[in-house]
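1. here is a sequence together with a model predicted from it:
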Amino acid sequence: MNKNYQLKLIKEDFINCQKVLLAIGDETRQSILLVLMGTDCKNGLRVGEITQQTHLSRPAVSHHLRVLREAGIIIMRKEGTKNFYYIDVSTKISLLKNLINDIEKLIIETK
């Protein structure tokens, strides 16, 4: 594959990943993601449960969950008046795989 074409693909990958990279670059959001990944509950967690495990305030957790949702990293499921948050493999976090794979291809081919 042409090196310029590969660089164009990587540039597009970076553009597609900007919101994801900004969202996961924050240490507080990383701790929330770790809590969501570490739960045995397949249905997701509520804000109160995340608050207990991260020792953050409820408004702080809600704010960071909103950023993660807007970046397409987590999904919210409503059940009546309750909101459950979880990570799904079909979220935009999979865009990072494309970025890594394209960078890896370029590096391997230029060696």
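-> Everything's here; your move.

2. geometric centre of this protein: which residue is closest?
-> Ile73 (3.4 Å; Cα atoms, centre = their mean).

3. hmm, Asp88 and that residue touching each other?
-> No - the criterion here is Cβ atoms under 8 Å, and Ile73 misses it with Asp88 at 9.3 Å. C-beta here means a position set from N, CA and C on the backbone, and glycine is covered the same way.

4. circling back to that earlier point, how near is the residue nearest to the centre of the chain to Arg58?
-> As defined by Cβ to Cβ, to the nearest Å, Ile73 lies at a distance of 20 Å from Arg58.

5. could you do Cys17 as well?
-> For Cys17 relative to Arg58 (Cβ to Cβ), the value is 30 Å.

6. who's more crowded, the two?
-> More neighbours surround Cys17 than the other of Cys17 and Arg58, with 20 against 11 (other Cβ atoms under 10 Å).

7. quick one: contacts for that one?
-> Lys92, Leu95, Leu96, Leu99 (Cβ atoms under 8 Å, 6 or more residues apart in numbering).

8. what's the next secondary structure element after the longest helix along the chain?
-> When the chain is parsed with DSSP state H, its longest helix is helix 3-24. Sequence order places helix 27-38 as the next helix or strand after helix 3-24, per DSSP states H and E.

9. I appreciate the help and will end here.
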